[in-house]
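>>> kindly return the folded structure for what I paste below:
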Amino acid sequence: MAITLNFSEFHSACSENRIYQAFNDDERWSLYKLAFKKYFKKGSVVFYSSERNNAEFYIVENGELELNLNSGKEKLYRRGDLFGEISVINGSARMGTMTALYSKRLGMRKPNDLKFGGNEGF
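Predicted structure coming up:
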């Protein structure tokens, strides 16, 4: 379920992310216009290992997620963390399965529509 979010919510969720901090106001506004909330319940899978859905990446607004990497390692993601961007940038398959540890909201971007520095996408 996708729900529109206001700029204050978006900025608050992203403000701790180093990549977001490097953007100028116009770039932040461009991201905001493409963002919406998506809710995942505890135990829900955001994406599966080896999946080739490279049209979306995420910034955690609220909650906690666990990435189980193909290498057997695990990594936790919390508020302000960015994930899924590698598959978007280079078109590779997902490197692990991302699961919600408890209910949360995610800001989702569709990078084919993003414009930074006069360039389309990444």
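>>> residue boundaries of the helices in the chain?
Counting by DSSP state H, the chain has helices at residues 7-14, 18-22, 25-34, 85-90.
>>> looking at these, which is closest to Phe57?
Among these, helix 85-90 comes nearest to Phe57, with 4.4 Å by CB to CB. (Glycine included, C-beta is placed from N, CA and C.)
>>> what residues sit buried inside that closest one?
85, 87-88 (16 or more other CB atoms under 10 Å).
>>> columns pLDDT and distance to Phe40 on top of these, output as JSON lines?
Shown next, in JSON lines, are the buried residues of helix 85-90 (pLDDT from 0 to 100; distance: CB to CB, whole Å):
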{"residue": "Glu85", "pLDDT": "76", "distance to Phe40": "18"}
{"residue": "Ser87", "pLDDT": "78", "distance to Phe40": "18"}
{"residue": "Val88", "pLDDT": "73", "distance to Phe40": "19"}
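>>> thinking again about what came up before, how about the helices of the chain in JSON lines, adding distance to Lys73?
Formatted as JSON lines, the helices of the chain follow (distance: least, CB to CB, whole Å):
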{"stretch": "helix 7-14", "distance to Lys73": "26"}
{"stretch": "helix 18-22", "distance to Lys73": "22"}
{"stretch": "helix 25-34", "distance to Lys73": "29"}
{"stretch": "helix 85-90", "distance to Lys73": "15"}
